[in-house]
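**Student:** Provided below are the primary sequence and the corresponding predicted coordinates.
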Amino acid sequence: MNHIVKFNAIGGIFTPRVLQDIVEIAYSEKVENINFGPRQEIYLNVKNEYILSFQNQLHEKNISYELDKDEYPNIVSSYVAESILSPDNWLTEGIYKDIFDQFDFDPKLKVNICDSVQTLVPFFSGELNFIASETYQYWYLYLNFEGQENVILWNRLIYTTDIPKICKEIEELFLNNKITNGNQIMATVNENTIFLFENITKDLKLPRFVFPYYEGMVKYGDKYWLGVYRRDYLYPIPFIFELCKLCNHTDIGQLCITPWRTLIVKGIESKDRIYWEKILGKHGINLRHSSNELNWIVDDINSEEIEIKKHIIRAFDKDDVRTFGLVFGIKLNPSKFIPASIIIEKCKTEDNSLPSFDIYYSDNFNPNNPNKNIFAHGIYKNELSAKLLELSKKFFSNLNEIEKSKPIGKNVISKTTSEKIDLDLHQCLSCFTVYDERFGDEMQGIKKGIKFENLPISYCCPTCETPKNKFIKINIEKILNNN
């Protein structure tokens, strides 16, 4: 039996000295690799025979951890992108750290703190999502509680230093008082809590999503940053140990973890670059992976999701598929919210039949947009890559419209536009592409609101050109309920 030990890196930041202590203890207890999670945390897989000694050493070093549980989710932030992958604005390193320092409790709700102009860290993957506004030191707040249908925008902007206080108040109402209605929580906090606020005068506008290439040695200003990615998400303990020692030797005071389960080192001096090149070469760390591999969200310790990812990537590489600008997510756990352009979700089955999958895509293919639309239903594993290729082509053929980003300013945002809607759709029998009258078919000049029966006889599938009479009527609510 193995145990999972989790360490939170608040905001995705770890000091090299603390990380070095952790990996030294891990090495002494026969742990071979370290793993980073999608909430910028650290995981270690420790064998049962070594776990007591491992825990004792952590206690001696006064290092906090969780064993085989995730009661306190890590606070996620876009600090990792600050100064290297986002334009300059008022949100600086000092402001991030002021927020982190004022958390006098460990949140049980998932908290995200993000710059609105970066596209490395997803906006809505938390339950309390603070997104920087254009107003200096003020933030939008979006409530996105797991298991609830809607994302709710707080009706006022929150001041920087009040973020921890607001989180604590919301957590008290949600977890202890069992108030789960977002609007009721908002009204109660606004009435009973004294904090600085500004009225919302501008809707949040999602930035055009350009997925940054965050691997390799990259120059910024007169320094370099290094991004390291591993295909299996396993980082050898000896490599991490030497990396921490080199950070200490070259006066680098922090390491950053991304939600993509990678490591970024900022502030490498030009004179020290040769040392980093040597350590990468010594441990055989490759820095030339394609964006097809980098832009995926998979569960932190779910081997099935990783295997599905590998299966699809092999097919993408074979067919030389272009996926730049897209983020893919695999969702085998139905309770999780996945911030991705394209989501592969496992269908529910009551028997041991061959597993099948639904494919969704976000509005405008922007992973930061919580609205999801169904593309295909009941797809088997060996069909996934072909369907994803079709959906990728749909993305590139609609780029002009996609770039017209719409504001996210409504008080209530539906997470999945296809769910809980009693709506008849029409699906192509050949490739399973769905015609939805709410969206029309811009590729063929069909405007929103045109019912399928009113389409011209010459209408055909935009993906495979199957004629209109080869479509079947489906009811999305019945499909989801039956599966």
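**Tutor:** Cool, got the structure.

**Student:** report the longest helix in this structure, please.
**Tutor:** If you go by DSSP state H, the chain has its longest helix at helix 303-319.

**Student:** where in the stretch 301-450 of the chain is pLDDT low?
**Tutor:** 301-302, 334-336, 349-353, 398-424, 431-432, 442-443 (pLDDT under 70).

**Student:** just to revisit the earlier point, which elements pack onto the longest helix of the chain?
**Tutor:** Applying 3 or more C-beta pairs under 8 Å, 6 or more residues apart in numbering; DSSP states H and E, one finds that helix 303-319 makes contact with helix 291-294, strand 328-331, helix 384-397. Where you see a C-beta, it was placed from the backbone N, CA and C, and this is true even at glycine.

**Student:** just say which of the ones you listed is most tucked in.
**Tutor:** Of the helices and strands packed on helix 303-319, the one with the most neighbours on average (mean count of other C-beta atoms under 10 Å) is strand 328-331, at a mean of 24.

**Student:** from residue 61, how far out is residue 43?
**Tutor:** Per C-beta to C-beta, to the nearest Å, residue 43 is found 18 Å from residue 61.

**Student:** which of those two has more neighbours?
**Tutor:** Higher neighbour count among residue 43 and residue 61: residue 43, with 19 against 12, using other C-beta atoms under 10 Å.

**Student:** buried residues in the longest strand along the chain, which are they?
**Tutor:** Longest strand of the chain, by residue count under DSSP state E: strand 372-380. Within strand 372-380, the residues that qualify as buried are 372, 373, 374, 375, 376, 377, 379, counting by 16 or more other C-beta atoms under 10 Å.

**Student:** can you check stretch 102-115 too?
**Tutor:** For stretch 102-115, by 16+ other C-beta under 10 Å, it's 103, 107, 109, 110, 111, 112, 113, 114, 115.

**Student:** and for stretch 159-166?
**Tutor:** 159, 160, 162, 163, 164, 165, 166.

**Student:** before we move on, what about stretch 216-234?
**Tutor:** Within stretch 216-234, the residues that qualify as buried are 217, 218, 223, 224, 225, 226, 227, 228, 229, 230, 233, counting by 16+ other C-beta under 10 Å.

**Student:** pick out the most distant pair among the residues you listed.
**Tutor:** Spatial extent of the buried residues of stretch 216-234 (C-beta to C-beta) is set by the pair 223 and 233 at 27.1 Å.

**Student:** so can I have JSON lines of the buried residues of strand 372-380 showing distance to residue 397?
**Tutor:** Below are the buried residues of strand 372-380 laid out as JSON lines (distance: C-beta to C-beta, whole Å):
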{"residue": "372", "distance to residue 397": "20"}
{"residue": "373", "distance to residue 397": "16"}
{"residue": "374", "distance to residue 397": "19"}
{"residue": "375", "distance to residue 397": "14"}
{"residue": "376", "distance to residue 397": "17"}
{"residue": "377", "distance to residue 397": "22"}
{"residue": "379", "distance to residue 397": "21"}
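
**Student:** report the inter-axis angle for the longest helix of the chain versus helix 384-397.
**Tutor:** Interaxial angle, helix 303-319 versus helix 384-397 (axes from the mean of the first three to the mean of the last three C-alpha atoms, to 10 degrees): 60 degrees.
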